[in-house]
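Visitor: Dropping the sequence and predicted coords here.
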Amino acid sequence: MAYRDDIRKKIKKLNPRALELMDKIDGMLVEAGGYTGGAVVTTTEDMPPEEEEMELFAGFLKEGYPEDIAAKKAKQWLAFMKEAFDKDKK
């Protein structure tokens with residue numbers, strides 16, 4: 001399982017400005033959506049779907065959702081992400 005800190009170190013090494021931009025976007029999502037930041041997670045294109053789902057699940061748990069709802073929301077968001085990514089590729 002990838003850990004957010006490891007991903008952040010990798011991104012910072014490759015492009016520090018990209019990390020600054022990601023942090024700014026995360027902050028805007030927290031401010032605009034009333035999130036505590038838990039469901040704002042970082043995934044990478046080399047993560048298998050199961051790993052992305054676990055990151056989302058952990059984020060929803062941090063938001064305070066019960067395990068059953070966090071698992072359901074993680075699956076829904078993963079499906080939405082895949083659909084959006086597939087549309088973007090066309």
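Guide: The structure has been received and is ready for your questions. These numbers come from a predicted model, not from an experiment.
Visitor: Name the residues of the one helix or strand A71 maps to that are buried.
Guide: Under the criterion of DSSP states H and E, A71 resides in helix 67-89. For helix 67-89, the neighbour count (16 or more other Cβ atoms under 10 Å) marks A70, A71, K73, A74, W77, L78 as buried. Using the backbone N, CA and C atoms, a C-beta is placed for each residue, glycine as well.
Visitor: What's the mean pLDDT across that helix?
Guide: For helix 67-89, mean pLDDT rounds to 85.
Visitor: Which helix or which strand is home to I7?
Guide: Here I7, judged by DSSP H and E, is contained in helix 4-14.
Visitor: buried stuff in whichever helix or strand comes after that helix?
Guide: Reading on from helix 4-14 to the C-terminus, the next helix or strand found by DSSP H and E is helix 16-33. In terms of neighbour count (16+ other Cβ under 10 Å), helix 16-33 has its buried residues at L19, M22.
Visitor: Okay, M81 and K12: tell me how far apart.
Guide: When distance is defined by Cβ to Cβ, to the nearest Å, M81 is 23 Å away from K12.
Visitor: now swap in E20 and tell me
Guide: Distance from E20 to K12, by Cβ to Cβ: 9 Å.
Visitor: how about the closest residue to T43 other than its chain neighbours, what does it touch?
Guide: Setting aside the residues directly before and after it, T43 is nearest to E52 in space (Cβ to Cβ, 6 or more residues apart in numbering), at 4.7 Å. Neighbouring residues of E52 by Cβ atoms under 8 Å, 6 or more residues apart in numbering: T43, L78, M81.
Visitor: State the distance from E52 to E20.
Guide: According to Cβ to Cβ, E52 and E20 sit 23 Å apart.
Visitor: lowest-confidence helix or strand of this protein?
Guide: In the chain, no helix or strand scores lower on mean pLDDT, DSSP states H and E than helix 4-14, which sits at a mean of 79.
Visitor: Against which helices or strands is that helix packed?
Guide: When contacts are defined as 3 or more Cβ pairs under 8 Å, 6 or more residues apart in numbering; DSSP states H and E, helix 4-14 packs onto helix 16-33.
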